[in-house]
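> sequence plus predicted model, see below.
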Amino acid sequence: MSENLTLPQAATIASNELNNILWEAFPMASLEVDSRLQGVPERDYPFLRPLFIRPFVRSSLLKQGLPAGWALGGNTRLMGQTFLTKDNIKILFLKEC
């Protein structure tokens, strides 16, 4: 892949290649987190859901496997830091809702 991709080109590549896997990973993670946080009022702990989503998305991506050329990265000890990389494209998950 060319190292001179524009942002729109990189976004198009990432979208085309990761669309299906992310559409599966996030809802699965969301359901799991909702189940585990039952009884914990979101209004009192609004940070918990986004914090918990990241490791469950990461776990789902590991189970499903990534498209060819993509790698899962990040330091899980840093608030579950998660990113996907391919060549010179890096997608960082900042906050999940």
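Cool, the structure landed.
> which stretches of this structure form helices?
7-36, 48-64 (DSSP state H).
> out of those, nearest to L84?
With distances scored as CB to CB, the stretch of the helices of the chain nearest to L84 is helix 7-36 (6.7 Å). No exception for glycine: its C-beta is placed from N, CA and C like everyone else's.
> mind giving me the packing neighbours of the closest one?
Here helix 7-36 touches helix 48-64, strand 83-86, strand 89-92, going by 3 or more CB pairs under 8 Å, 6 or more residues apart in numbering; DSSP states H and E.
> can I get those in CSV with mean neighbour count?
As requested, the helices and strands packed on helix 7-36 are arranged in CSV below (neighbours: other CB atoms under 10 Å):
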stretch, mean neighbour count
helix 48-64, 17
strand 83-86, 18
strand 89-92, 15
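> not counting stretch 80-97 itself, show me its contacts.
With contacts defined as CB atoms under 8 Å, 6 or more residues apart in numbering, stretch 80-97 is touched by 1, 3, 5, 10, 13-14, 17-18, 26, 29, 49-51, 53-55, 57-58, 61, 66, 69-76.
> gap between it and the chain center?
In terms of CA atoms, centre = their mean, to the nearest Å, the centre of stretch 80-97 is found 6 Å from the chain centre.
> same question for stretch 33-44.
On CA atoms, centre = their mean, the centre of stretch 33-44 falls 20 Å from that of its chain.
> going by neighbour count, list what's buried in that stretch.
When burial is assessed from 16 or more other CB atoms under 10 Å, stretch 33-44 yields the following buried residues: V33.
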